[in-house]
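[1] Build me a structure from this.
(2 chains)
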Amino acid sequence: MASTRTNIMVCCGTGCLASESEKVLKNLEVIAKARGYAEEVQIIKTGCFGFCEQGPIVKVEPDNVFYVRVSPKDAKDIIDEHIIKGRKVERLLYMEPNENERIKKQEDMPFYKKQLRVALKNCGLINPEDVYEYIALGGYEALGKAITKMTRDQVIDTVKRSGLRGRGGGGFPTGLKWEITKKQESDVKFMICNADEGDPGAFMDRSILEGDPHSVLEAMAIGAYAIGADKGIIYIRAEYPLAIARLNTALKQARELGLLGKNIFGTDFSFDINLKYGAGAFVCGEETALINSCEGKRGEPNFKPPYPAEEGYWGHPTCVNNVETFANIPSIIMKGADWFAAMGTERSKGTKVFALAGKINNVGLVEVPMGITLREIIFDIGGGIPKGKKFKAVQTGGPSGGVITEEGLDTPIDYDSLIERGSMMGSGGMIVMDEDDNMVNIAKFYLEFTMDEACGRCGPGRIGTKRLFEMLHKISSGKATMADLDALKQLAYMVKDSSLCGLCQTAPNPVISTMKHFWDEYVALVKDEDHPQGEGRYVPKNKIGMKS
Amino acid sequence: MAGSPEKYKDRKKIQIKINDEDLTVPEGITILESAHEVGVKIPTLCHLDLHDLQLYNKTASCRVCMVELVDGGNQNRNKLVPACVTKAYEGMTIRTDTLRAINARRMAVELLLSNHPNECFTCPKNLECELQALAEELNVREIRWEGERMDYPKDFSSDAIVKDSNKCIYCRRCETGCNEIQTCGILSGIGRGFNAFVGPFANIPMVESSCTYCGQCVQVCPTAALTEVYHVDKVWEALNDPDKHVIVQTAPAIRVALGELFGMEAGTIVTGKMVTALKRMGFDAVFDTDFGADLTIMEEASELIYRIKNNKTLPILTNCCPAWVKFIEHQFPELLHVPSTCKSPHIMFGTIAKTYYAEKNGIDPDNIVVVSIMPCIAKKAEAKRPELTKDEHNNVDIVITTRELGAMIKEAGIEFNSLPDSEFDRPLGETTGASVIFGTAGGVIEAAIRTAYEWMTGETLENVEFEQLRGMEGVRKATVRIGDQDLKIGIASGLGNARVILEEIRDGKADYHAIEIMACPGGCIGGGGQPYHHGNHEIVKKRREAIYEEDRRKKIRKSHENQEILELYREYLGEPFGELAHKLLHTHFEERERI
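    Got it, this is the predicted structure:
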C-alpha cells in the first residue's frame, strides 16, 4: 500500500456484488491501467461497508470520498475526474434524503456518524483475501499476545471482565462459557464457530466473514487456547458461497504463515479449523442442533443439560460461539477488558451490529454501542421512514423477537431491556414497520417462517407453530371469532412454555407482542366487516390446504 | 425411596419438594422417577425406559410431562420443564398441579390429536393406544385447533409391517430402538416441521429397506403408526372353506403371553385353554410348533456334531429367528456360510404337515392350509420367502401373531378365561421341555446341548437345566463340558448384540462352537407380535419364568426322546441330517442389499 498514491476501495460484499460491484472493480482496474495509473492507484476489493441500500459503494482514500450507487460505467469518471483531475464526481456522492446537500466524507454521513465499529472494524477497509492487509492493521497480534504472554486463565479472565455476551442471540457471557468448557476434564475439546446465520434480513455474520475472515480465525484460535481445544469447526450455511470462499482463502493463508496448525508462534499450542457446511436450516443455529448436524445427524436440538460445554461434538466438551462474538475478541485482548467494558450499558458491554431493514431509508448494516436508543438507530442512522410515513413499530430479534412501538423508542437497548419489552436482541435483525403495515400480517409473516423452519422434534414446535399460523390466517381472512383470539393467546403461551428449544420457545413472541400492542387490530379483523386496518389479505408462501 | 431405580442407589441424597410434599431422593434422579414416591403420577408419551434392554428414549419431545419448576419467590421466573429428563437438585421445588402445567399437558395432547386421524373405532390399536389413553387421562374434551393434517399414503409394501405415517406422533421410540438396540438404522426422522415423521431413508417403501421385520418398533409404537400386517380375515376364510383342511400350530412363546389379552397376570400358562379355543374356532387339527422345534434340534444337533467331527465351519449359528436371518443377509453377507441350514421350526412343521401328515392321512397337500400362530412379525415375511415354498405352495400359508389370535378369540365370542383345558392333537402334537424353551433367549442352544450331550457321550444327561445358558443379558458366553470336550457357547438376543458377536466372527476373534441368536431382546417371549408390554419389561420376565416352568412340567425334556419325532424319522425321513431330511428341512440364504 505504501508505494501507491491513492487507494480505491470497492465493496465486494454480497449486496454490492449483486449490483455489479465486481464489474465496477474490473472497469476501474482496466481504465486505471489504460490511463497509466496502475502503479499509482491501488484498487482494493473489500468487505461490506454496511450501507447496502446505497451500493455498490466505492471509497477513495486518503481523500476520504465516499461514492454510492456506483455503476460499472461510472468507473471511467472516477478515474478520469477524481484520480486524474482531482475533481470529485458530485453525482456519485451521497445525498441525505431530508437535505439537499451532497456529503462526500464517510464520517459526515448520518448513517456512519453514530456508529462505533469494533466487530466490523476492518470491513470495508481491508482486502479480505489478503492476510497481509489484516496483519498490517494489527491482525494476529492478539493471538500472539494471548498464547505467548498470557495464561489460559488470564485470557478467560480478560474476556469475562470485558462483559462480552454471546452475539448470536442468547446473550450468554462468553468468558463464562469459555471457563466452563475449560474446566471440563477431557483430552479432546472443540471450538466451534456458529456461522449458521438465519434470521430473515440479518447478515452481520456474513459481512464479517466476507469482509474480515481472519478476525474470526484469530479469535477462534484464542478461544481454543483458552479452553484447551486443538480442533475447530466453522459451521457455515452453504448459501454463503462468498463467505466460504473467503474463509477457505483465509484458512490457507493462515496455515501457510503458521498462524494455524502445529506449534503456533513456536509454542506448544496447536490448532486448526475445518469448515462444515449446513444446508440452511434455521434450527441448526441452535447449538445442540448445530452439533448434531456437524456429526452428520439430523439437524435438531437435544434437551439441555447436558450442555455442549459438558457433552458436545461427539460427546467431547465443545464451546460454540457466534461469528460476531468472535470478531470482538482480538480487540478485547489487545485493548483490554476495561476498554471494552467502557462501552455499553451496565449489563451489556461493547457494541452490537444490527441489520436495518423494512420501512427505513438507510437499509444496511450498522454497529452501535449498546445503550443507544432505537430512536437513534432508526431516525438518525437509519434516516427515518421513507415517503414521510409514520413509524409504527420495529421488530428486533428477528422471528424470535417482538415488536416495540413508539413508546419504547427511547429505551437504551441492551439484552435485558429488550427482553423486558417482550422482544429480544437476537442476532440483530431489525425490521421497521410503518403505518401501512397490518400487525396481524406481520405476526403471520414471522410465524410462517418459524413454522417452516421448525425441525418438528417437539409437539408444540411441530404442530403448535402450524396451528398458530393457521389461526392467524383465519383471523386475517376475517373468519375468526373472539373465542379464536382467546385460543390463539393461550396457544401462543403454551408453545412458548412447552417447546423443546429456543427456536419454538420464542416463535410465539411476534404473536404475543403484537397482541399486546395492537390488540385493536386483531379485534378489528374479527368485528369489522371491511377490515379497515390494512391489507387484510395475506397470500401465504406455501399452500396450507385452506381456502382464504 | 423404595421405588428409586437401582442406578441411583449409591448417589448422594438430596431434598426436593413436589406439590408441597418433602422428599429425599438420590441426586441425578429425574422428576418423573421421583414423583410417584409422593403419589403423583406424571403422564408420559414419548418417554420409554426399558432399562433391562438399555433402551432409553430420552427425546423429551412430546411435552406431555411438563411440570412447573418454582423459582423462589418470583412467580414470573417459574418455568415449565419436562419431568422425564429434568434432574432433581438440592432444594428443587416442583408443582405438577398448577393451571399452567395442567393446561400445557392437556394442550400438548390436544395438539397431537389435532394432527391425528379421528379413526379410533377402526384403528388396530383401539384401546391399546397410548395417545388415546392420554386423551382420557388428561381430560381432553375438545380440539380447538382444526387445521391441516398429515396426509401420507399407508405403506403396505412389506409382508410384515404396515406403516401409517399419519398416526406417527414423532416420539422416536421406534427410531431409538431400531438404531440403538437393533443397530439396523432403518427408521429415522424424515421431513421438517409439521411434515416430520419417522420412516426409512427417503421414505422408500419398507419392503425396499433392509428392515428385518423384527417388530420391536411395533412393540414400542404408542399409536398405530407401525402395526403388523393383519391376516385374521384370511384365517376365517380358510376355516369356512369346506374344501380346506386347516391345521394350526402355536409357537412356544404364545402360551405364556396369550392370557394377558384376557386380563390374566403376565406369565400365566394357558396352553390348555388356547388349544380348546383353537378347536372351538374350527381348526381341523391343533398342533404345536414345539414339535417342529424338536425336529429342528434333531437336525441342528446333528449338524453341530457333523461340523465338529469333520472340522467344518464353526461356530454354527442357530437360525430359528427369521429377523436375525434377514439381518445377517443384509448386514453380514460374507458370513452366510456360518448359520445352520435348518429351516425354522414352524416352517419345518409346515413342510412335514404337507408331506408326511398329508400322506399319512390321505389328504391332498393342496387342500391343507397351515396357520402358524407366532409371537413374531418377521415370521409373516419368512413364510413368503420364495425358497420356502414347495410345489408352488407355501409350507406355511398364513402367519398370525399372538395379538391377532387374541382378537380372533374375542371375535368368535369365546369366553377364554372359563375354557376347560385340552390336549394338542396327535401325531404332530407330542412335545418336550426342550422345545418349550425355544421361546426364550438361550433356549434353542440349551435344547440342542441336551441332545448333543447324549449323542456325543453316549451317556444319559441327568440334570437338563444348564443355568450357565440362562439369563437376560444381551450377550452371554458360557462353556459346557461334554465328555472330554469344552463346548463354547455364545448367546445373543437383540440384533445390536448379534452384531457384536458377528463382528467377532468376521474378524476371526471368536472361538465359539455354537451360537444362538434371537432378534428380539429376551427371545420370542419379547417378540414383536406379543401382547404390548407398554414399556413394562417385567411382563417379559414373567413370560420367561413361565416358559421354564412349562419345561419343568414336561415328562420328556429332550428332543431326541420325543417318540413321535422318532417315529417320523423311522417311518418317513430316515436319518437325521440325511438325504430326505436335507431336502425337506434345510434351506439356504441369499445376499441382500444394505440400505
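[2] Look at the residue positioned nearest the centre of chain A and report its pLDDT.
    Nearest to the geometric centre of chain A sits residue A:204, at 2.6 Å (C-alpha atoms, centre = their mean). Residue A:204 carries a pLDDT score of 93 in this model.
[3] next one: the one 4 residues further on
    Residue A:208 is assigned a predicted lDDT (pLDDT) of 95.
[4] Quickly list the domain ranges of chain B.
    The record, using automatic domain parsing to delimit domains, assigns chain B the ranges B:6-113, B:232-585.
[5] need the contact list for the residue of chain A found nearest chain B.
    Going by C-beta to the nearest C-beta, chain B is nearest to residue A:456 of chain A, at 2.8 Å. C-beta coordinates here come from the backbone N, C-alpha and C atoms, glycine included. Residue A:456 sits next to A:300, A:462, B:170, B:189, B:191, B:192, B:193, B:194, B:195, B:196 when contact means C-beta atoms under 8 Å, 6 or more residues apart in numbering or on different chains.
[6] please redo it, this time with the cut-off set to 7 Å
    The contact partners of residue A:456, by C-beta atoms under 7 Å, 6 or more residues apart in numbering or on different chains, come to A:462, B:170, B:191, B:192, B:193, B:194, B:196.
[7] For the fourth one, which non-adjacent residue is spatially closest?
    Okay, so that is residue B:192. Spatially, and ignoring its direct neighbours in sequence, residue B:192 is nearest to residue A:456 (5.6 Å; C-beta to C-beta, 6 or more residues apart in numbering or on different chains).
[8] Now do the SS call for the one you found.
    Following DSSP: H, G, I helix; E, B strand; the rest coil, residue A:456 is assigned to coil.
[9] From the contact counts, what lies against whichever strand or helix holds residue B:246?
    Element membership of residue B:246, judged by DSSP states H and E, is strand B:245-250. With contacts defined as 3 or more C-beta pairs under 7 Å, 6 or more residues apart in numbering or on different chains; DSSP states H and E, the packing partners of strand B:245-250 are strand B:285-288, helix B:289-309, strand B:368-374.
[10] Highest mean neighbour count out of these?
    strand B:368-374 (a mean of 27; mean count of other C-beta atoms under 10 Å in any protein chain shown).
[11] what mean pLDDT does that one have?
    On average, strand B:368-374 scores 97.
[12] Can you give me the neighbour number for residue B:122?
    Neighbourhood size, residue B:122 [other C-beta atoms under 10 Å in any protein chain shown]: 7.
[13] Give me every residue in chain A lying close to chain B.
    With C-beta under 7 Å from any C-beta of the partner chain as the criterion, chain A meets chain B at residues A:298, A:303, A:451-452, A:454-460, A:462-464, A:466-467, A:470, A:487, A:494, A:497-498, A:500, A:544-545.
[14] Filter the residues you listed down to just the ones in strands.
    Judged by DSSP state E, the subset of those located in strands is empty.
[15] For PyMOL, what selects the buried ones among those residues?
    Remark: buried members of the residues of chain A next to chain B, expressed as a PyMOL selection using 16 or more other C-beta atoms under 10 Å in any protein chain shown:
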select buried, chain A and resi 298+303+451+452+454+455+456+457+458+459+460+462+463+464+466+467+470+487+494+497+498+500+544
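[16] circling back to that earlier point, need the winner for burial among the domains of chain B.
    Sorting the domains of chain B by mean neighbours (by mean count of other C-beta under 10 Å), the first place falls to domain B:232-585, with a mean of 21.
[17] Now the terminal residues of that domain, how far apart.
    Distance between the boundary residues of domain B:232-585 (C-alpha to C-alpha, to the nearest Å) amounts to 27 Å.
[18] got a list of what residue B:111 touches?
    Residues in contact with residue B:111 (C-beta under 7 Å, 6+ apart) are A:459, A:460, A:463, A:464, A:467, B:145.
[19] That should have said residue A:78, apologies.
    Per C-beta under 7 Å, 6+ apart, neighbours of residue A:78: A:28, A:58, A:67, A:89.
[20] And for residue B:67?
    Contacts of residue B:67 by C-beta under 7 Å, 6+ apart are B:31, B:42, B:80, B:81, B:83, B:94, B:95, B:96, B:101.
[21] Surely residue A:304 and residue A:287 touch.
    No. Using C-beta atoms under 7 Å as the test, residue A:304 is too far from residue A:287 to be in contact (8.5 Å).
[22] for chain A, what are the nearby residues on chain B?
    B:59-63, B:66, B:80, B:85, B:100, B:103-104, B:107-108, B:111-112, B:114-115, B:144-145, B:147-148, B:170, B:188-189, B:191-194, B:196.
[23] In helices, which of the residues you listed fall?
    Residues of these located in helices (DSSP state H): B:100, B:103, B:104, B:107, B:108, B:111, B:112, B:114.
[24] any chance of those residues in TSV, with pLDDT too?
    Rendered in TSV, the data for those read as follows (pLDDT from 0 to 100):
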residue	pLDDT
B:100	95
B:103	95
B:104	97
B:107	96
B:108	97
B:111	97
B:112	97
B:114	97
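[25] Now for the contacts of residue A:78, which sits with the most neighbours around it?
    Highest neighbour count within the contacts of residue A:78: residue A:58, with 29 neighbours (other C-beta under 10 Å).
[26] so it touches residue A:10, yeah?
    Yes. If you go by C-beta under 7 Å, residue A:58 and residue A:10 touch, sitting 5.3 Å apart.
[27] list residues touching both of those two?
    By C-beta under 7 Å, 6+ apart, residue A:58 and residue A:10 have these common neighbours: residue A:24.
[28] Output the domains of chain B as TSV; include the columns distance to residue A:128.
    Output for those, formatted as TSV (distance: least, C-beta to C-beta, whole Å):
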stretch	distance to residue A:128
domain B:6-113	42
domain B:232-585	49
